[in-house]
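> Based on what follows, work out the 3D shape:
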Amino acid sequence: MKDADIAEILKQQNEQYRKLYEEHKKLGYLLEDIDKKRYFTPEEELERKRIQKQKLLKKDSMAEIIRQYKKNHN
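This is a model prediction of the structure:
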C-alpha cells in the first residue's frame, strides 16, 4: 500500500493524523500568503522561517504515524 493511500485512511480514522494534516495545510496557506511579497521585513523573514519549521515538524510527525501504521498492518 502506498503512503498516499495510508494517509487517506488515517485522515478518516486517526484524529491525531487528521489534526496534524489540517495544521500542516493551514501553515502552507500562511506561507503562500507571505511568499506573495517580493521583499520581506526582518520580522516577516523570521515568521516565514518559523512557519516553515512548524510545517516540517508536522510533516515529520505525519510520516511517523504512517510508518507506525505500516509496521502494525504488515
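> When you work out contacts or count neighbours from here on, use the C-alpha atoms and nothing else.
OK.
> average pLDDT across stretch 41-54?
Stretch 41-54 carries an average pLDDT of 96.
> C-alpha coordinates for that stretch, PDB please?
What follows is stretch 41-54, C-alpha atoms only, in PDB (Å, rounded to 0.1, in the frame of the first residue of the first chain):
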ATOM      1  CA  THR A  41      11.000  42.700   6.600                       C
ATOM      2  CA  PRO A  42      13.300  41.000   9.100                       C
ATOM      3  CA  GLU A  43      10.200  40.200  11.200                       C
ATOM      4  CA  GLU A  44       8.400  38.600   8.200                       C
ATOM      5  CA  GLU A  45      11.500  36.600   7.400                       C
ATOM      6  CA  LEU A  46      11.700  35.300  10.900                       C
ATOM      7  CA  GLU A  47       8.000  34.400  10.800                       C
ATOM      8  CA  ARG A  48       8.400  32.700   7.500                       C
ATOM      9  CA  LYS A  49      11.200  30.500   8.900                       C
ATOM     10  CA  ARG A  50       9.200  29.800  12.000                       C
ATOM     11  CA  ILE A  51       6.200  28.600   9.900                       C
ATOM     12  CA  GLN A  52       8.500  26.500   7.700                       C
ATOM     13  CA  LYS A  53       9.900  24.800  10.700                       C
ATOM     14  CA  GLN A  54       6.500  24.100  12.200                       C
END
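> need the strands for the protein, in chain order.
Per DSSP state E, the chain carries no strands over any range.
> and the gap between Thr41 and Lys25?
Distance, Thr41 to Lys25, using CA to CA, to the nearest Å: 24 Å.
> Identify the spatial nearest neighbour of Leu31, chain neighbours not counted.
Arg48 (6.6 Å; CA to CA, 6 or more residues apart in numbering).
> Touching, the one you found and Ile34? I think so.
Yes. Taking CA atoms under 8 Å as the definition, Arg48 is a contact partner of Ile34 at 7.0 Å.
> Give me the more crowded residue out of these two.
Neighbour count, other CA atoms under 10 Å: between Arg48 and Ile34, Arg48 has more, with 20 against 16.
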